[in-house]
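Asker: Build the 3D model from these lines:
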Amino acid sequence: MISSPESELINLLKKAGMAHHKYQTRQLEGARNQDWPAWYADYLLEGGIAELLQTSPAPEQLAQFLTDLHASYSALSEKEQLEMDWPSYYAPKLIKHFQTGDHA
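Answerer: The predicted structure is shown next:
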């Protein structure tokens, strides 16, 4: 199977989610990371999201868009969330947003 930037981004987001869970459990001793958007932005940038997006977003821009995506995903019904996990929801929106210049 040929991987696409979207499927690679989904995998990167899943890895970020697992790494963030470990970070919260081990480093924050189970406390909620209030600055999670910045943490994810840094992780994703270090993980190669710029290559997948074909652009290098500023960490602050990426963190803000992740915050926006979290809000829109949280607004979905429970049924919709069960049908599409958050990485699958975020990936195409990240690609569209940063490849079309919607972030400017």
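
Asker: what helix or strand does the residue nearest the centre of the chain sit in?
Answerer: Nearest residue to the geometric centre of the chain (C-alpha atoms, centre = their mean): Leu13, 5.1 Å. In this assignment (DSSP states H and E), Leu13 forms part of helix 5-26.

Asker: Show me which residues of stretch 18-33 are buried.
Answerer: Gln24 (16 or more other C-beta atoms under 10 Å). (Each C-beta comes from the backbone N, C-alpha and C, glycine too.)

Asker: tilt between whichever strand or helix holds Asp68 and helix 5-26?
Answerer: Here Asp68 sits within helix 59-74, counting by DSSP H and E. Using axes from the mean of the first three to the mean of the last three C-alpha atoms, to 10 degrees, the inter-axis angle of helix 59-74 relative to helix 5-26 is 90 degrees.

Asker: From here on, call the first residue 432.
Answerer: That works, and once the first residue is 432, the last one we named lands at helix 490-505.

Asker: pLDDT of the next helix or strand after helix 490-505, averaged?
Answerer: The helix or strand immediately downstream of helix 490-505 is helix 509-514, counting by DSSP H and E. Mean per-residue pLDDT for helix 509-514: 95.

Asker: now stretch 435-446
Answerer: According to the model, stretch 435-446 has a mean pLDDT of 96.

Asker: what's it in contact with?
Answerer: 475, 478-480, 483-485, 517-519, 521-523, 525-526 (C-beta atoms under 8 Å, 6 or more residues apart in numbering).

Asker: Against Ala462, how distant is the residue nearest to the centre of the chain?
Answerer: 22 Å (C-beta to C-beta, to the nearest Å).

Asker: try Phe496
Answerer: Phe496 is 25 Å from Ala462, by C-beta to C-beta.

Asker: tell me the phi and psi of Asp466?
Answerer: phi -100, psi 40 (degrees, to the nearest 10).

Asker: That one: neighbour count?
Answerer: 8 (other C-beta atoms under 10 Å).

Asker: can you pull the pLDDT of it?
Answerer: At Asp466, the model reports a pLDDT of 87.

Asker: From Asp516, how far out is it?
Answerer: In terms of C-beta to C-beta, Asp466 sits 23 Å off from Asp516.
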